[in-house]
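Asks: just the structure for this:
(one chain, ligands or ions: 1)
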Amino acid sequence: MQTIVHARYSLNNGAFAQDLSVCVDGEYIVDAGAYSDLTSRYPEAERVGGDDYILVPAFTNAHDHGRAVGTLALGIPDDFLELWLSDLARMPGIPPYLASLHSGLQLLQSGVTAVAHSHNPVSWTDLASEIPQAIRGYADAGVRVAMHPPIVDQNLLVYAERERFLDFLPAYIRARLPESDMIAPDADEYFAILDDLYDNFHDSARHRAHIQVSPAGGQWCSDPLIIRACQWAQERGTRVQMHMLETRYQSIYARKTWGKNFIGRLDDIGALGDWLTLAHMVWVEDDEIELLAERGAGVAHNISSNLRLRSGFAPIAEMVAAGVPVGIGLDGHTLDDDQDFLREMRLVWTIANRSGMASPDLSADALWNMGGAVAAAISFGADAPLGRLEAGGLADLVLLDWASAKGKWSPADYPPAALLPEFLLRRIKRDHVRHVMRGGEWLICDGEHVNVDIEDVEREIWERLEFEGEEAPSQLGSYLRRFYRHWDDAESPSE
Ligand SMILES: [Zn+2]
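Replies: The predicted structure is shown next:
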């Protein structure tokens with residue numbers, strides 16, 4: 001059975017497309033063109049859509065943790081990243097299946113059909129069983145997942161100068177810290193788990209799930225581990241995703257450790273390529289941007305999270321202007337704590353266009369691609385046919401409600417078509433997402449999931465949450481703040 005999906009307006013490759021409809025057969029778009037052409041070529045096809053809608057390719061969330069419930073709701077206040085992380089382990093664990101099922105449902109309601117999921121284990125020793133559960137959760141929601149099981153092998157307590165940090169601490173806090181801040185699994189175990197996951201779940205044909213490798217962050221992983229991860233991915237034609245240069249202190253760590261910047265160091269060890277995506281990249285320098293563009297490495301930008309964790313402002317317009325593929329990720333930490341991808345696109349656009357006439361521009365068209373085709377390419381690879389309204393593409397589509405997105409005030413034939421990408425980007429939010437198709441299947445109809453009741457999932461999560469009493473805060477925060485302030489003082493005061 002074929003379906004023609006049509007709308008008053010369409011956006012493709014970020015731009016307004018005049019009279020562009022698609023014909024879907026099975027999981028794919030088999031034809032794209034004028035509505036009258038498609039109805040004459042496929043007279044038997046079912047017709048969905050109409051003048052009440054805007055048709056756009058579905059979005060990809062290029063970096064997230066699939067937490068389901070925000071960290072604040074679970075008792076962890078926002079703070080500087082380093083301080084926030086020191087308390088994150090206090091959070092009650094949500095069973096991975098429920099967490100990713102709920103996260104997937106939230107994303108779908110926002111028009112997102114694919115996510116890069118950086119897994120935060122409930123228990124690191126259960127990684128091998130948690131990942132399949134998380135994959136199943138996304139599968140039941142109907143969201144494609146690029147799965148990143150994490151590994152770390154150094155610097156968990158502080159990025160460097162551990163002994164000096166320990167000297168800062170009162171004896172009673174020091175006594176509570178584990179001997180070493182390392183956690184299982186070790187590299188051999190990790191890659192054995194990864195091999196297994198890859199054999200069982202990696203789907204490079206239909207792109208339902210990808211297994212990728214994730215040395216969790218530059219400062220938390222040794223060179224040998226990063227090199228091994230990059231080789232593992234290249235041998236299998238899959239990707240690497242790492243957190244990188246999220247805070248100023250990570251950038252200072254690189255200079256302290258190697259006397260050069262982080263991206264230069266990655267290049268030295270052969271860890272930069274078009275198979276790599278780096279999340280955050282707030283503190284990237286000009287010559288690092290050039291290197292990223294030269295090597296084709298992608299960046300997942302997480303503006304809300306960077307604001308909430310006081311990390312700073314990534315030079316997104318500069319990166320896009322240099323040719324770095326930049327996609328948008330929510331990091332499970334949006335400004336309104338609601339995983340609204342459309343509002344996040346608006347926030348990225350607004351903040352990326354800075355003051356000063358010499359500042360580069362970031363267009364609305366570029367933004368639509370950063371949420372769509374580019375986010376898909378840096379998450380699932382440039383070969384995955386996602387994020388475009390064209391024949392051969394996977395049929396992941398969103399119909400937005402035109403009347404409510406437009407509002408009541410503007411005349412019938414306004415805005416001018418050329419301004420449509422900008423107009424919509426300024427106005428849309430999750431409430432305007434009416435219908436969402438993933439792989440030829442309508443999963444969201446009239447804003448609701450066709451198979452799963454999100455409120456049932458929420459109830460189950462709250463019932464299963466184990467608040468093991470009020471676990472005491474680590475009390476490391478104020479000491480970490482003092483410790484890293486010394487790093488600030490040693491650096492030049494300019495930002
Ligand atoms: Zn993250």
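
Asks: for the rest of this, base every contact and every neighbour count on C-alpha atoms.
Replies: OK.

Asks: show me how the protein divides into domains.
Replies: 2-57+389-428, 59-380 (automatic domain parsing).

Asks: what's the closest of those to E455?
Replies: domain 59-380 (9.3 Å; CA to CA).

Asks: list the buried residues in stretch 231-238.
Replies: Buried positions in stretch 231-238, judged by neighbour count with 16 or more other CA atoms under 10 Å: W232, A233, T238.

Asks: quick check: L400 is in a strand.
Replies: Yes: assessed with DSSP: H, G, I helix; E, B strand; the rest coil, L400 lies in a strand.

Asks: what's across from it in the sheet?
Replies: I54, V433 (DSSP bridges).

Asks: contacts only, for it.
Replies: By CA atoms under 8 Å, 6 or more residues apart in numbering, the contact set of L400 is Y53, I54, L55, V56, H432, V433, R434, H435.

Asks: circling back to that earlier point, so which of the domains of the chain is the most surrounded?
Replies: domain 59-380 (a mean of 20; mean count of other CA atoms under 10 Å).

Asks: using a markdown table, lay out the domains of the chain together with mean pLDDT.
Replies: Below are the domains of the chain laid out as a markdown table (pLDDT from 0 to 100):
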| stretch | mean pLDDT |
| --- | --- |
| domain 2-57+389-428 | 94 |
| domain 59-380 | 96 |
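
Asks: figure out which of these is closest to I461.
Replies: Here domain 59-380 is closest among the domains of the chain (CA to CA), at 6.6 Å.

Asks: what about the closest one, start to end distance?
Replies: In domain 59-380, first residue to last residue: 12 Å (CA to CA, to the nearest Å).

Asks: for stretch 66-79, same thing?
Replies: Span of stretch 66-79 from end to end, CA to CA: 20 Å.

Asks: want to try TSV for the domains of the chain, with distance to R482 as columns?
Replies: Formatted as TSV, the domains of the chain follow (distance: least, CA to CA, whole Å):
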stretch	distance to R482
domain 2-57+389-428	41
domain 59-380	9
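
Asks: quick one: which of the ones you listed is nearest R459?
Replies: Closest among those, using CA to CA: domain 59-380, at 10.5 Å.

Asks: how far off centre is the closest one?
Replies: 7 Å (CA atoms, centre = their mean, to the nearest Å).

Asks: okay, now I454: neighbour count?
Replies: 17 (other CA atoms under 10 Å).

Asks: which ones are touching A254?
Replies: So A254 contacts Q219, K260, N261, F262 (CA under 8 Å, 6+ apart).

Asks: report the two of those separated the most.
Replies: The widest separation within these (CA to CA) is 13.6 Å, between Q219 and K260.

Asks: how close does L98 get to Q133?
Replies: 9 Å.

Asks: quick check: closest non-adjacent residue to M91.
Replies: The shortest distance from M91 to any residue other than its chain neighbours is 6.0 Å, reached at L74 (CA to CA, 6 or more residues apart in numbering).

Asks: give me the most central residue, this protein.
Replies: H63 (1.7 Å; CA atoms, centre = their mean).

Asks: doesn't that one lie inside a strand?
Replies: Yes: under three-state DSSP, H63 falls within a strand.

Asks: surely it touches S118?
Replies: Yes: using CA atoms under 8 Å, H63 is in contact with S118, at 6.8 Å.

Asks: show me what the host helix or strand of H486 is packed against.
Replies: H486 belongs to helix 477-490 when assigned by DSSP states H and E. If you count contacts as 3 or more CA pairs under 8 Å, 6 or more residues apart in numbering; DSSP states H and E, helix 477-490 packs onto helix 81-88, helix 162-168, helix 248-258.

Asks: turn the ones you listed into TSV, including distance to R427.
Replies: Formatted as TSV, the helices and strands packed on helix 477-490 follow (distance: least, CA to CA, whole Å):
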stretch	distance to R427
helix 81-88	31
helix 162-168	48
helix 248-258	33
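
Asks: so for R176, which of these sits nearest?
Replies: helix 162-168 (11.6 Å).

Asks: which members of the buried residues of stretch 231-238 occur in helices, if any?
Replies: In helices, defined here by DSSP state H, the members of the buried residues of stretch 231-238 are W232, A233.
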